[in-house]
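Visitor: A structural model of the following input is requested.
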Amino acid sequence: MQDIPPPVKTSAFRSGDDHGDSMDQPAIEIRDLHKSFGDLEVLKGVSLTAHPGDVVAVIGGSGSGKSTMLRCINMLELPSSGEIAIQGEAYGLHPARGGGLEPIDPKQVQRIRAQLGMVFQNFNLWPHRTVLGNVIEVPIQVLGVPRDKAIARARQVLARVGLAEKEDVYPSFMSGGQQQRCAIARVLAVDPLAMLFDEPTSALDPELVGEVLSVIRDLAQEKRTMILVTHEMAFARDVASHVIYLRDGLIEEQGPPEQIFGAPQSAHLRQFISSVV
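Guide: Residues are numbered from 1 along each chain as shown. This next block holds a predicted model:
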């Protein structure tokens, strides 16, 4: 019987058994992240750090690896290699028999993932549940929050995103902008350590984009930690504290928004910005 390989981590990250002070830890840290799908290498060594309160905007063309990177952060995609830590705790991963990495302890993945909230391109609401039902499902079923407290919290966050009057409405009777705001409320209901946004306006009609961006802007002003994959360049420039330009699976340039949009060094980045602005 083969020995189980040790978890992939470094001394800079703590394990789930180390309960030291995490206040000075980055909210999210990625080191040398690689991800392949068969022979296609989508991520080729990505590293980034998001500190508490940071708003990191990730920009780049289609196929650059933006969404894949985001999905690796909460283990919706398993990395091929590299390290990911949430508030200093690294996912315990070891080599899988078929290649790549897999969790040593799925319960650890679930526990860490519960600290992250993800907003998808296409809302991913449960169509058979009302707006209120969508927002209370995870707090009750996953986190064990008493129903009355979950409902009270849900009503607070629905008011926060402008949907206080929609709690009994089903998703199919709402606009795309309202559905995406409900998806944001569902994330806020669990009060996550960090929020991950995967092109949150890409599926919306142009006239509905503003209402969703307004909610995200307010969250940024509240100093919520966010990693935002977006094609809204003006919004990224105004809201982000740090911008990453991803190209062909690698970070080609990164820095504060005034540098990335005002004085880009990469010819590819200059061309990309001019093509989307």
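
Visitor: does the residue nearest the centre of the chain lie in a helix or a strand, and which?
Guide: For the chain, Leu196 is the residue whose C-alpha lies nearest the centre (Cα atoms, centre = their mean; 1.8 Å). Element membership for Leu196, per DSSP states H and E: strand 194-198.

Visitor: can you spell out which helices and strands pack onto that strand?
Guide: With contacts taken as 3 or more Cβ pairs under 8 Å, 6 or more residues apart in numbering; DSSP states H and E, strand 194-198 sits against helix 66-73, strand 116-119, strand 226-229. Every C-beta, even on glycine, is put in place using the N, C-alpha and C of the backbone.

Visitor: if you set the cut-off to 10 Å instead, what comes out?
Guide: In terms of contacts (3 or more Cβ pairs under 10 Å, 6 or more residues apart in numbering; DSSP states H and E), strand 194-198 is packed against strand 55-59, helix 66-73, strand 116-119, helix 176-188, helix 206-221, strand 226-229.

Visitor: state the mean pLDDT of the second one.
Guide: Mean per-residue pLDDT for helix 66-73: 97.

Visitor: list the buried ones in it?
Guide: Buried residues in helix 66-73, counting neighbours by 16 or more other Cβ atoms under 10 Å, are found at 66-73.

Visitor: what angle sits between it and strand 55-59?
Guide: 140 degrees (axes from the mean of the first three to the mean of the last three Cα atoms, to 10 degrees).

Visitor: describe which strands the helix or strand following helix 66-73 pairs with in its sheet and in which direction.
Guide: Next along the chain after helix 66-73, taking DSSP H and E as the criterion, comes strand 81-86. Sheet neighbours of strand 81-86, with direction, are listed as strand 28-37 (antiparallel), strand 89-90 (antiparallel) (DSSP bridges).

Visitor: okay, the angle between strand 81-86 and strand 194-198?
Guide: Using the same axes, to 10 degrees: strand 81-86 against strand 194-198 is 130 degrees.

Visitor: now the terminal residues of stretch 42-59, how far apart.
Guide: 15 Å (Cα to Cα, to the nearest Å).

Visitor: no no, stretch 94-104
Guide: 6 Å.

Visitor: what's the average pLDDT for that stretch?
Guide: Per-residue scores along stretch 94-104 average to 91.

Visitor: what sits closest to Glu102 if chain neighbours are left out?
Guide: Ala96 (4.1 Å; Cβ to Cβ, 6 or more residues apart in numbering).

Visitor: now do the one you found against Glu83, distance only.
Guide: As judged by Cβ to Cβ, to the nearest Å, Ala96 and Glu83 stand 16 Å apart.

Visitor: got the contact list for Asp198?
Guide: 58, 66-67, 69-71, 76, 118-122, 227-230 (Cβ atoms under 10 Å, 6 or more residues apart in numbering).

Visitor: quick check, pLDDT for it.
Guide: On the pLDDT scale, Asp198 gets 97.

Visitor: again, but for Val277
Guide: In this prediction, Val277 has a pLDDT value of 70.

Visitor: and for Phe13?
Guide: So Phe13 comes in at 43 (pLDDT).

Visitor: could I get the strands paired with strand 81-86 as TSV with mean neighbour count, mean pLDDT and distance to Ala50?
Guide: Conversion of the strands paired with strand 81-86 to TSV gives the following (neighbours: other Cβ atoms under 10 Å; pLDDT from 0 to 100; distance: least, Cβ to Cβ, whole Å):
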stretch	mean neighbour count	mean pLDDT	distance to Ala50
strand 28-37	19	97	4
strand 89-90	22	96	15
